[in-house]
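> got a predicted structure plus its sequence, pasted below:
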Amino acid sequence: MDVLSLIGIIMAFVAIIGGNYLEGGHFGALANGPAALIVLGGTIGAALLQSPMSAFKRAIQTVGWILFPPHIDMAGGVDRVVNWSLTARKEGLLGLEGVADAEPDSYARKGLQLLVDGVEPEAIRSVLEVDYMTQESRDIDAAKVFECMGGYAPTIGIIGAVMGLIHVMGNLADPTQLGSGIAVAFVATIYGVASANLVLLPIASKLKGIAARQSLYREMLLEGILSIAEGENPRAIELKLQGFTG
């Protein structure tokens with residue numbers, strides 16, 4: 001679990017709700033169904049209109065990375081590549097066939113299979129670059145879904161505020177109707193700004209960072225596999241790849 005993400009989420013909402021309480025407010029004042037419907041529904045609707053379905057589905061699949069990100073062990077990956085190079089040096093590239101069959105990482109497995117098949121280094125680079133760049137693009141597009149939602153939410157909150165004020169202005173003669181209209185107006189603005197700056201935009205940035213780190217890991221594997229294909233010394237490979245762990 002990503003403890004920092006959990007702490008950040010808790011701290012953000014405790015600060016907002018706690019500050020409201022210290023100012024003499026209460027939780028019920030921030031709970032408003034119509035305001036939530038306007039902001040949440042409008043934001044999701046705008047995101048659906050802007051994003052292709054594939055990106056929206058990927059966004060749903062990756063949102064869990066906020067608390068449970070994929071494990072990326074760069075140093076461990078370097079050790080694995082060095083072990084592959086030692087095996088190739090002792091047994092030849094065909095000695096990696098069993099390693100490839102047992103490899104759980106699909107990207108690494110593809111690279112090892114290309115090595116075993118005796119594919120030229122430039123062809124290996126071409127295949128694996130397309131693979132990791134396509135995956136990175138998909139994950140970045142998923143993060144952009146949350147980014148666009150973070151851009152729309154404050155504006156839709158303002159729309160909710162204006163709608164609440166319209167309701168207030170239309171019921172000036174009836175004081176009993178003023179409170180609910182004013183509540184929707186101000187709470188909708190809070191929902192829009194808070195959801196964007198405390199949830200949606202941070203999620204987008206976090207997912208982009210995870211996607212970039214996964215891409216860096218795959219690039220490290222690519223460089224290691226190419227070095228094995230070119231017959232480089234295992235020690236030289238290790239020193240080259242250690243630059244990725246900095």
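Nice, I can see it. Residues are numbered from 1 along each chain as shown.

> going forward, measure contacts between C-alpha atoms and count neighbours the same way
Noted.

> which outside residues touch the least confident helix or strand in the chain by mean pLDDT?
Sorting the helices and strands of the chain by mean pLDDT, DSSP states H and E puts helix 27-30 at the bottom, at a mean of 74. Counting by CA atoms under 8 Å, 6 or more residues apart in numbering, helix 27-30 makes contact with 17, 20-21, 183, 187, all of which sit outside it.

> which one of those has the most neighbours?
residue 187 (25 neighbours; other CA atoms under 10 Å).

> quick one: which helix or strand includes it?
Assigned by DSSP states H and E, residue 187 falls within helix 178-194.

> before we move on, the earlier item: so for the least confident helix or strand of the chain, what gets flagged as buried?
Neighbour counts over helix 27-30 (16 or more other CA atoms under 10 Å) mark residue 30 as buried.

> quick test: name the residue nearest the centre of this structure.
What sits nearest the mean C-alpha location of the chain, by CA atoms, centre = their mean, is residue 207, with 1.7 Å.

> with adjacent residues omitted, what lies nearest to that residue?
Computed as CA to CA, 6 or more residues apart in numbering, the closest residue to residue 207 that is not its neighbour in sequence is residue 143, at 5.6 Å.

> try residue 117
Nearest non-adjacent residue to residue 117 (CA to CA, 6+ apart): residue 94, at 8.0 Å.

> low-confidence bits of the protein, can you list those?
171, 173-181, 183-184, 246 (pLDDT under 70).

> hey, where'd the helices end up in it?
Ranges of helices within the chain are 3-22, 27-30, 33-50, 53-62, 74-91, 97-102, 106-116, 121-169, 178-194, 201-229, 234-241, based on DSSP state H.
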